[in-house]
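Colleague: Quick one, structure for this:
(chains A and B)
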Amino acid sequence: ETGVTQTPRHLVMGMTNKKSLKCEQHLGHNAMYWYKQSAKKPLELMFVYSLEERVENNSVPSRFSPECPNSSHLFLHLHTLQPEDSALYLCASSRTTSGSYNEQFFGPGTRLTVL
Amino acid sequence: AQKITQTQPGMFVQEKEAVTLDCTYDTSDPSYGLFWYKQPSSGEMIFLIYQGSYDQQNATEGRYSLNFQKARKSANLVISASQLGDSAMYFCAMREDRDDKIIFGKGTRLHILP
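Modeller: Prediction:
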């Protein structure tokens, strides 16, 4: 089983749609992350969850709503997005959130296009 | 101020040559970790190598090595004997022990030429 999976891999949505991105990790990790990767920008951390509790919200607009029902699953609910939200959304997991050596394992990403 | 700086937006290298990808960082935390990730065109981020701020020796993982120069705050990735499959985006990242975040640089796109 691949370590971190994300579905869907590609998503096209209109600005009035509501959709959700799903991430699942099979590594027994306690921390999960959402990142946004836009063209020509550094990878941006959006949300961090540790043991299903949100520990970081990096000034992300409310049209992005995360949900972490358990330590293996992470969702990103999307509604009334803007075209500039088009990007690659990457999910990652790590054993914990503390300590400098905490390798993050990334999923393949969801390529989102907002029309 | 940028915490992670990758000054090479793109590089072209002949196959089988060694490659050095530059990364400088900025932190006042004495305890931190440095990472390199590879991102092929598929989008997945692949962990390559890690260097801790207190590690005495440079990290090595197969063809990857990290040239860690602490005083210069430099953590360059060296890929020996490059292969066509090394063509990808490469990200340098840092995690400070006082923080939960990993901060990524803008990346360097590496093209290996046959």
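Colleague: separation between the residue nearest to residue B:86 when sequence neighbours are not counted and residue B:84?
Modeller: The shortest distance from residue B:86 to any non-neighbouring residue, by Cβ to Cβ, 6 or more residues apart in numbering or on different chains, is to residue B:112 (5.1 Å). Heads up, the C-betas are built off the backbone N, CA and C, glycines and all. Here the criterion is Cβ to Cβ, to the nearest Å. By it, residue B:112 lies 5 Å from residue B:84.
Colleague: who's more crowded, the two?
Modeller: Using other Cβ atoms under 10 Å in any protein chain shown, the more surrounded residue of residue B:112 and residue B:84 is residue B:112, with 20 against 10.
Colleague: For residue B:79, see how far away that one is.
Modeller: 9 Å.
Colleague: joint contacts of the two?
Modeller: residue B:86 (Cβ atoms under 8 Å, 6 or more residues apart in numbering or on different chains).
Colleague: before we move on, back to that, and the residue nearest to residue B:86, what are its bridge partners?
Modeller: Per DSSP bridges, the residues bridged to residue B:112 are residue B:13.
Colleague: so what's it up against?
Modeller: Contacts of residue B:112 by Cβ under 8 Å, 6+ apart are B:13-15, B:82-87.
Colleague: Spell out which parts of chain B neighbour chain A.
Modeller: Selection of chain B residues close to chain A by Cβ under 8 Å from any Cβ of the partner chain yields B:4, B:31-33, B:35, B:37, B:42-47, B:50, B:52-53, B:91, B:93, B:95-97, B:100-107.
Colleague: Quick check: ChimeraX command selecting the buried ones in these.
Modeller: To isolate the buried ones among the residues of chain B next to chain A in ChimeraX, judged by 16 or more other Cβ atoms under 10 Å in any protein chain shown, type:
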select /B:4,32,33,35,37,43,44,45,47,50,52,53,91,93,95,96,97,100,101,102,103,104,105,106,107
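Colleague: overlap in contacts of residue B:112 and residue B:84?
Modeller: Residues touching both residue B:112 and residue B:84 (Cβ under 8 Å, 6+ apart): residue B:15.
Colleague: related to what we said a few turns ago, can the contacts of residue B:112 go into CSV with extra columns for distance to residue B:58, pLDDT and secondary structure?
Modeller: Converted to CSV, the contacts of residue B:112 look like this (distance: Cβ to Cβ, whole Å; pLDDT from 0 to 100; DSSP: H, G, I helix; E, B strand; the rest coil):
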residue, distance to residue B:58, pLDDT, secondary structure
B:13, 21, 95, strand
B:14, 25, 96, strand
B:15, 24, 96, coil
B:82, 19, 96, coil
B:83, 21, 96, coil
B:84, 26, 96, helix
B:85, 24, 95, helix
B:86, 19, 97, helix
B:87, 24, 96, coil
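Colleague: Where in chain B is the helix or strand with the lowest mean pLDDT?
Modeller: Across the helices and strands of chain B, mean pLDDT, DSSP states H and E gives its lowest value to strand B:102-104, namely a mean of 87.
Colleague: For that one, name the packing helices and strands.
Modeller: For strand B:102-104, the elements it packs on are strand B:88-96, judged by 3 or more Cβ pairs under 8 Å, 6 or more residues apart in numbering or on different chains; DSSP states H and E.
Colleague: so what strands line up beside the strand it packs on?
Modeller: Sheet pairing of strand B:88-96 (DSSP bridges) gives strand B:32-39 (antiparallel), strand B:102-104 (antiparallel), strand B:108-113 (antiparallel).
Colleague: Would you confirm that residue A:67 contacts residue A:77?
Modeller: Yes: the pair residue A:67 / residue A:77 is scored as a contact, 6.4 Å apart, by Cβ atoms under 8 Å.
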